[in-house]
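# Turn this into a model:
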Amino acid sequence: MRRDVGCLLVLGLFATGARAEAPEAFAYAWPIVAPQGGKAYLVELPQDAYAWASRDAGLANVVVVDAEGRQVAAGPYTAAAPTSHPVTLDAPLRAVPAAVDGVPGARIQRSTNGDIVIEPGPVAPTATPRVWLFDARSAIAPERLEFAAIDHDVNLGVDVDTSNDLQDWNTRVRGASIVTLGKGDGAVDARVIKLSGSPARYYRVRVMSGEAPWAVDGTSSVTLSGSVEDAAAKDEAKLLWLDVPVGDTKSSGQGVDYDYRLPAALPVNSVRVTLGKSDSVARLDASAVEGTMSSEALGTLVVTPDGTEGRRPLEVNARRRDLLRLHSATPLREAPHLSVGWRPDRFVFLPEGKGPYRLLVGSARERRPAWPVGDAVTALRKSEGAAWRPDETTLGPGQELGGREALSSPAAPFDWTRPLLWVVLLLGAGLIVGMAGSLLRKPKAGGEDEGKGKDER
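Numbering: from 1, shown residues only. The predicted structure follows:
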């Protein structure tokens, strides 16, 4: 009986260890305040959430749970299609100087207000430019490109590319023809190119055959027709601005690097710079530092004495960035003042289970399932009308749950099979030894009878 009790005590100790309380699965939580009766709800990530949402998880460790702690159907919100109106504008063609063979050509970048800045390198003195740029001033979905009338015969083959940052280009048309032959009734006048695709601000015309007839002084123009989105009707999060103090200053080449560490990796899409009172003009190259060996060029900011340029932000592709660098080729008396603009990521969730709901962020082992919330939102837009939007929510004060421990890689679960097996084997061995000892101590019945018979004789 005592041996059985001991076995139960040992097994109970192991069971107690196996039931040790696990750490919280998520790092931080916010209560969600949602209006009653909504068919879907929209929640924006607060700035503090980005400190817990690790970049390598891609925001997959952002979930919404009900009052019982169970996940509800949630996912990234896809904005409603924007409304647009037709637009037609004239833009001057700007020639990119032809480069000398084997020598880097012109440097093309943007000023703080988005204007095209062409810094020519070593150029061939007699070469005709074969690359031409123009700025549409805003992102336009192109439909038609018409070149100005030409007073002599021309036969060109061109490619047309588009970009939103002057760095990454997408080809829209290859091998388009621009032809003007003769005059009068039998003349050929083909100066229109049909375009399509997503909106873009910058356009590049590459002359693949023939010689361009346009003036290099910028007096030649092109007419672009298309559609532009109505800014007031855009379904997007509000642009937020954050002032970032300079963290590190060091010499780099002939200039100075100024590093700015953000409080978290935010989805930055705008950069704005102003100078201190002791400086009046500067040209600053902005980049996002990634690791120790690589960086992403964002563009060039030119700050003028009147401060007009400095108030115009440099727009960049939205992406999570936590370390920005400004490089000045000329010395400054004090570090520039940097502000970053960013739009919070938005998530939509369906009112499953019982409220109140909570937003949980940051986990090394938990991930949000691939709920088909996009299909659900599309169905609601069809049934409720194009103007329907998910109900907006607000967040209450945040609360730390597992903290940094929830972000660390989960340790492999302890395998209790081996120690339990050894316990069973040891207990079994002890039981066998005890039984053997009992048998050895017990006197033999046959030996007693034999002794009694000898005495009687």
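# Might you list the low-confidence residue ranges for this structure?
Along the chain, the parts satisfying pLDDT under 70 run over 1-23, 100-104, 122-126, 232, 306-311, 409-416, 422, 436, 439-440, 442-457.
# For it, which segments are assigned as helices?
Ranges of helices within the chain are 2-18, 308-311, 373-384, 404-407, 417-441, 445-456, based on DSSP state H.
# List the buried residues of the fifth one.
Which is helix 417-441. Neighbour-count burial for helix 417-441 flags V423, L427 (criterion: 16 or more other Cβ atoms under 10 Å). Bear in mind the C-beta positions are built from the backbone N, C-alpha and C, glycine included.
# and the closest residue in space to S339 that isn't next to it in sequence, what is it in contact with?
Computed as Cβ to Cβ, 6 or more residues apart in numbering, the closest residue to S339 that is not its neighbour in sequence is R272, at 4.5 Å. Contact partners of R272, counting by Cβ atoms under 8 Å, 6 or more residues apart in numbering, are T112, W241, G310, R311, R312, P313, L314, L338, S339, V340, G341.
# What subset of those residues is buried?
Among these, those classed as buried by 16+ other Cβ under 10 Å are T112, G310, R312, P313, L314, L338, S339, V340, G341.
# possible to save those as TSV with distance to K183?
Below are the buried ones among the contacts of R272 laid out as TSV (distance: Cβ to Cβ, whole Å):
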residue	distance to K183
T112	46
G310	52
R312	46
P313	49
L314	47
L338	58
S339	57
V340	57
G341	53
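# Of those residues, just say which sits nearest to A79.
If you rank the buried ones among the contacts of R272 by distance to A79 using Cβ to Cβ, G341 comes first, at 17.6 Å.
# Please report the distance of that closest one from D391.
26 Å (Cβ to Cβ, to the nearest Å).
# measure stretch 151-170 end to end?
In stretch 151-170, first residue to last residue: 31 Å (Cα to Cα, to the nearest Å).
# In space, not sequence, find me the middle residue of the chain.
With distances taken as Cα atoms, centre = their mean, the chain has R319 as the residue nearest its mean C-alpha position (4.1 Å).
# isn't that residue right up against A265?
No: using Cβ atoms under 8 Å, R319 is not in contact with A265, being 9.3 Å away.
# residues bridging contact with the two, i.e. touching both?
With Cβ under 8 Å, 6+ apart as the test, R319 and A265 reach no residue in common.
# Quickly list the domain ranges of this protein.
29-77+353-407, 84-233, 240-342 (automatic domain parsing).
# Run the chain-centre distance for the shortest one.
It stands for domain 240-342. Distance of domain 240-342 from its chain centroid, counting by Cα atoms, centre = their mean, to the nearest Å, is 20 Å.
# same question, stretch 49-61
Per Cα atoms, centre = their mean, the displacement of stretch 49-61 from the mean C-alpha position of its chain is 10 Å.
# Just the buried residues of the lengthiest strand in the chain, please?
In the chain, ranked by residue count with DSSP state E as the criterion, the top strand is strand 255-274. By 16+ other Cβ under 10 Å, the buried positions in strand 255-274 come out as 256-260, 262, 264-273.
# quick revisit: and the gap between the residue nearest to S339 and R201?
18 Å.
# repeat for F134
The gap separating F134 from R201 is 10 Å, by Cβ to Cβ.
# Looking only at neighbour counts, state which of those two leads.
Between F134 and R201, counted using other Cβ atoms under 10 Å, the more crowded position is F134 (22 against 19).
# So what's the residue count around the residue lying closest to that one once chain neighbours are set aside?
Spatial nearest neighbour of F134, chain neighbours left out: A91 (4.1 Å); criterion: Cβ to Cβ, 6+ apart. Look at A91: counted by other Cβ under 10 Å, it has 15 neighbours.
# Quick check, A91 in contact with V222.
Yes: shown here, A91 and V222 form a contact pair, counting by Cβ under 8 Å, at 5.9 Å.
# what's the overlap in contacts for these two?
By Cβ under 8 Å, 6+ apart, A91 and V222 have these common neighbours: F134.
# Strands of the stretch 201-350 of the chain, start to end?
Using DSSP state E, counting those that start in this stretch, the strands of the stretch 201-350 of the chain run over 221-229, 240-244, 246-252, 255-274, 282-290, 294-303, 314-328, 337-342, 346-349.
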